[in-house]
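A.B. asks: Pasting the sequence and the predicted coordinates here, then a few questions.
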Amino acid sequence: MQRYFLKRIFIGIMTMLVVITIVFFLTRVAGPADPTAILLPPDATPEDQARLRVKFGLDKPVMEQYFIYMKNALQGDFGESFRFGEPALELVLERLPATIQLASLALLLGLSCGLFVGIISAVLRDTVFDRVGRVLALIGMAVPQFALALFLTLTFGVMLEWLPISGRGGIEHLIMPVVSMSMVGLAAYTRLSRSTMIEVLNSDYIMMARIKGVPYYRVVLVHALKNSCIPVITFIGMTFPALITGNVVIETIFSWPGIGNLVMTSIFARDYPVVQVIVLLLSFMVISINLLVDIAYAYIDPRIRFE
Amino acid sequence: MFLDKKKKKQRKIKNRIPFIGLTFVTGFLFLVIFGNWVAPYDYEYWDMASMMMPPAWEEGGSISHVLGTDALGRDVFSRLIHGSRFSLLIAVACIACYGTIGVIMGLLSGFMGGITDMVIMRLCDLWMSMPAIILVSLMGPSALTVIVVVGIAGWPGYARIVRGECLSIKQNDFIRLARVAGCSNLRIMFSHVFPNIANTLIVLVTLNIGQMIILTATLSFLGLGTQPPSPDWGLMMNEGRRYINSAWWLVVFPGVAILMAVLGFNIVGDWLREIFDPKQKLR
Amino acid sequence: MTEHIKKDIILQVQGLKTHFFTKRGVVKAVDGIDFSMGKGEIVGLVGESGSGKSITSLSIMRLVPKPAGEIVDGKILFYNENLLEKSAEEMRQIRGNRISMILQDPMVSLNQILRVEYQIGEVFRFHKKTNGSLREKCINVLRKVKVPSPELRMRDYPFQFSGGMCQRVVIGMGIANSPKLLIADEPTTALDVTIQSQILQLMKRVQQETGTAILMITHDLATVAQICSRVMVMYAGRIVEKAPVHTFYKIPAHPYSCGLIKSVPVLGKKIDRLFSIEGQPPSLLNPPEGCRFVSRCNQAKEICHREYPPEITLDENTNHRVSCWLHT
């Protein structure tokens, strides 16, 4: 079992190396390899530009730039931001907590509400609660996050003026971004947990538990719940990239000072080092989440442990 | 017998939902195909004289522009209709790309197993680490970029699911029989395995169309997708955003259009899934 | 409906009807059955798939799958108390305690991700039988069903047990609280033939030691012959014959019973073709007015199509009863 995880970690590191490489060359190839023109004020002289190029190491051929970058990266030095001059990694880590706050709250909200509604829907199948819940979930999945964000902003931010429409601060700043970001997830988790739960509740071992005289609420909470966890956890792992996309969108709309916002502004400003670090970080997170998902499997389902 | 009646009524309501979904989808497809003839105006047609007109039922509106006009005097209703084509086109193009790649990879991975499987699965992980939105931004936004990037980026989802189905079908006897009969691997994959996963694929594609419409709308909204003057619904919402206080119709109608289209496809996808589900539930 | 007043009748089912309300109509899975069971009796309920045997057992336990299924008529008297009138909580207290049940496939009857010890413990915990060590009780249960090394094995998970062992565990859970009635729904169908015999012997031993009555539901006549004292034949939602086992095999009365017995190949006897009853059971959506076996019976009379035959007693001494116009 442990050997399997070590192998996964190794492959994960390899993957991250490949990701850095891809992004490195993608930024140089797709956009201008020399962003100095954009970074300088209009009245800059060609000498200023040349000096900037040397400073960022952009005067060297691309392959050489790559090797220098990789050498430094392996020592923890990811270069300096073209825009701000600060070390790219520090810049990103500074803004990371804001994103983690937003993303984890959104995930938690979506997951907990979704599971709750889904399970009750499954247990109270075909009642009013269930049918209303299903319709709402269906609609929830059809609303784009940005549209919801827009709608909320319009209603609560502009018309009613109850909530601030941008920036980070207290709870009132968190409400709209978190709600916008969690809605799709909530709808998806509701549907998933409902259908999984229904399938589980039809199993023989659930019938057996009831035959033994176990109270129904315990049958649901102990037997059914644990068995329905697995598809839900898979889903979390699978939709993590979508969570990242959602994060970028919401941070942009609400001017939330996180790395989603940062990566977009950096891309447009051609601030390559920052972009690279962020993509690396995201890749790291995706791989970690997948690994955590697998660990969770082994914890919940003893059959996997014994393989 | 009272029980009978109550259950009959429940069933009627339940049957209406797929009907609603089908209506939306049919309407959508109708607009896509016949939009050119149905729409009163061209999507680029602008008329400074009738800028910022509200919908027909409000003061200042007129029947000639049923849902109002935008800042350049372009008819919202026509743009919505033309926009449907854009949304669907991009969605279908993307799905066609990554769907094909995904299915092929999934078949290879699930069927061949061994090293092929491992390599493809690692590629999946790699691909999934790169969110599309970042790639699109890096490569310079345009409708084409979206198609290319998303078309290449989305295959792991399909590959995983197809692989899963392959793994379970592989155990079936009819596959073994085909091998015994001397069929080559390729032939088995395409003639025997593929038809069995076709059902899952149909459901997947239908549900995906909705997702793609939302994704392209999101990218356009952020300025990363279709560029003006295309009547992409997301783009329309972005353009109308700054007038949100005075001209609500510029944002609301495209939003509703997206909602209805996606909802329609999702409902149809769900309905197809229920039809194809071999476990026939009693209700 | 007058039954022979036997001493110590613990279960009396009267006019039980369980229907399923589906999109295509009402499926009358159990359509009016009557039977009784005495203390410590092993009664076999025989029938093919779809005859309604399993639904009968679920009806007694009041675990008919909702919302489609409903018990629409009848009485189930357990020690003279009507189970259909009991509250949900009262019923829960009876299940696993006074009436117990075991299902067909032991590999799916147990929750694969919970330890065996925990699952056995549930039987005690929810019936307030927590005096004394739970662990000791679990070990005793496993010992009773002859699972080797119970102290070690109870910490295992069900997937670490073989099919036969799993079924032993399930039987153990069923008898843990010494129920008065144990319903066994095809307990050996999913097992190897060699294990089947062991399990049946185990069940017989259980009945002898604890005096538990067993309702053995099966489609296999050999099982019936091995341990049952009485047998009831069910067809298309109704019971068509009831007899003691020896009588049944010697002089089966109902054409369906005859067909069943004839279908069992005899070792050593040479035949060209195995016998099988022609035709298919009728659809339970719209069961025929008359006898339900009429389409497959080669002795059918005109009245068989029109009216359902009443149950008559062929022999008072043995209480051999049959619902067939041929015997009226």
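C.D. replies: Nice, thanks for sending it over. Everything numeric here is computed off the predicted structure, so don't read it as measured data. Numbers count the residues shown, from 1 in each chain, chains lettered A, B, ... in the order given.

A.B. asks: okay, CA-based contacts and neighbour counts for the rest of this
C.D. replies: Noted.

A.B. asks: Residue numbers of chain A in contact with chain B?
C.D. replies: Chain A comes close to chain B at residues A:11, A:15-16, A:19, A:26-27, A:30-31, A:138-139, A:141-147, A:154, A:241-242, A:244-245, A:249, A:263-264, A:267-268, A:279, A:282-284, A:286-287, as judged by Cα under 8 Å from any Cα of the partner chain.

A.B. asks: helices and strands of chain A: which one has the lowest mean pLDDT?
C.D. replies: Least confident helix or strand of chain A, by mean pLDDT, DSSP states H and E, is helix A:36-39 with a mean of 66.

A.B. asks: for the closest residue to chain A within the stretch 101-250 of chain C, what are its contacts?
C.D. replies: Chain A sits closest to residue C:109 of the stretch 101-250 of chain C, with a gap of 4.3 Å, by Cα to the nearest Cα. Contacts for residue C:109 (Cα atoms under 8 Å, 6 or more residues apart in numbering or on different chains) come out as A:204, A:205, A:206, A:207, A:208, C:103, C:170.

A.B. asks: what's the burial count for the first one?
C.D. replies: When counting by other Cα atoms under 10 Å in any protein chain shown, one arrives at 19 neighbours for residue A:204.

A.B. asks: That one: what's it in contact with?
C.D. replies: Contacts of residue A:204 (Cα under 8 Å, 6+ apart): C:108, C:109, C:110.

A.B. asks: Could you dump these into CSV with secondary structure added?
C.D. replies: As requested, those are exported to CSV (DSSP: H, G, I helix; E, B strand; the rest coil):
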residue, secondary structure
C:108, helix
C:109, helix
C:110, coil
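
A.B. asks: rewinding a little: which among the contacts of residue C:109 gets closest to residue C:296?
C.D. replies: Lowest distance from residue C:296 to these (Cα to Cα) belongs to residue C:103, with 30.4 Å.

A.B. asks: and the closest one, backbone torsions?
C.D. replies: When read as degrees, to the nearest 10, the backbone of residue C:103 gives phi -100, psi 180.

A.B. asks: Now do the helices in chain C.
C.D. replies: Taking DSSP state H as the criterion, chain C carries its helices at C:53-61, C:88-94, C:106-109, C:116-125, C:134-144, C:150-153, C:163-175, C:193-210, C:221-227, C:245-250, C:255-263, C:302-306.

A.B. asks: Please work out which of those is packed deepest.
C.D. replies: Using mean count of other Cα atoms under 10 Å in any protein chain shown, the stretch among the helices of chain C with the largest mean neighbour count is helix C:163-175, at a mean of 25.

A.B. asks: What lies in contact with that helix?
C.D. replies: Applying Cα under 8 Å, 6+ apart, the contact partners of helix C:163-175 are A:212, C:96, C:100-102, C:105-107, C:109-110, C:120, C:123, C:141-142, C:144-147, C:158, C:182, C:187, C:191, C:195, C:199, C:206.

A.B. asks: Quick one: the contacts of residue C:109 as CSV, columns for pLDDT too.
C.D. replies: Putting the contacts of residue C:109 into CSV (pLDDT from 0 to 100) gives the following:
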residue, pLDDT
A:204, 90
A:205, 92
A:206, 93
A:207, 92
A:208, 93
C:103, 91
C:170, 93
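
A.B. asks: Most neighbours among the residues you listed, which one?
C.D. replies: residue C:170 (27 neighbours).

A.B. asks: out of the contacts of residue C:109, which are inside helices?
C.D. replies: Here DSSP H is the test, and the contacts of residue C:109 give A:204, A:205, A:206, A:207, A:208, C:170 as lying in helices.

A.B. asks: Widest-spaced pair of the contacts of residue C:109?
C.D. replies: Using Cα to Cα, the contacts of residue C:109 reach their maximum pairwise distance at A:206 and C:170, which is 13.4 Å.

A.B. asks: Cheers, nothing more for now.
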